[in-house]
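Asker: After the sequence you'll find the predicted model.
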Amino acid sequence: NFVQRRLLTQVPRPPVPPFDLKTAAQKVRMAEDAWNTRDPVRVAQAYTPNSVWRNRSEFVTGREEIVKFLTRKWSKEIEYRLCKELFAVQGNRIAVRFAYEWRDDSGSWFRSYGNENWEFDADGYMHQRFASINDLPIAAADRKYLWPLGRRPDDHPGLSEMGL
């Protein structure tokens, strides 16, 4: 079917390693933009077909499992908005820090803070993603991510500018 064909397609995905500060920052923003679509199939396209993840205490392997994982995630994390920031880069590896806000089905709001370590193949696809994440309950009045669902506006402050 169409989704399975999309999950198996792989053509170069610039920028490709080795990364410098500029191309690593581009890769980070591309990832943030994709995740803010909350489209599991689109997000999975950035990973190798056999990509390996550790997300909190869950282990995921391959694009099909990534799609299933993200579908579950975004069914629970309602009104998800994410901001990522480059932390470090070397060769084909990028370290990122991030925070995202979401609410659960009872209306309680959270800000989740985390760090990710990414490793890319020569074509620019991520083949390893290791994420450590902590959730902090917040009051609705303490939310900082108030843009409409979707891409964070270019003029919206990043993590450092928001003091996160």
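Answerer: Noted; the coordinates are in hand.

Asker: For burial, what's the neighbour tally of residue 139?
Answerer: 8 (other Cβ atoms under 10 Å). Every residue, glycine included, has its C-beta placed from N, CA and C.

Asker: Was I right to think it contacts residue 107?
Answerer: No: at 11.4 Å, residue 139 does not count as touching residue 107 under the criterion of Cβ atoms under 8 Å.

Asker: how about low-confidence regions in this structure?
Answerer: Along the chain, segments meeting pLDDT under 70 span 1-9.

Asker: now the strands for this structure?
Answerer: Taking DSSP state E, the strands of the chain run over residues 47-55, 58-61, 78-90, 93-103, 109-120, 126-138.

Asker: which helices and strands sit right next to the fifth one?
Answerer: Helices and strands in packing contact with strand 109-120 are listed as strand 93-103, strand 126-138; criterion 3 or more Cβ pairs under 8 Å, 6 or more residues apart in numbering; DSSP states H and E.

Asker: angle of it against strand 126-138?
Answerer: Taking axes from the mean of the first three to the mean of the last three Cα atoms, to 10 degrees, one finds strand 109-120 and strand 126-138 inclined to each other by 170 degrees.

Asker: Parallel or antiparallel, which strands does strand 109-120 pair with?
Answerer: Strand 109-120 has its sheet partners listed here by DSSP bridges as strand 93-103 (antiparallel), strand 126-138 (antiparallel).
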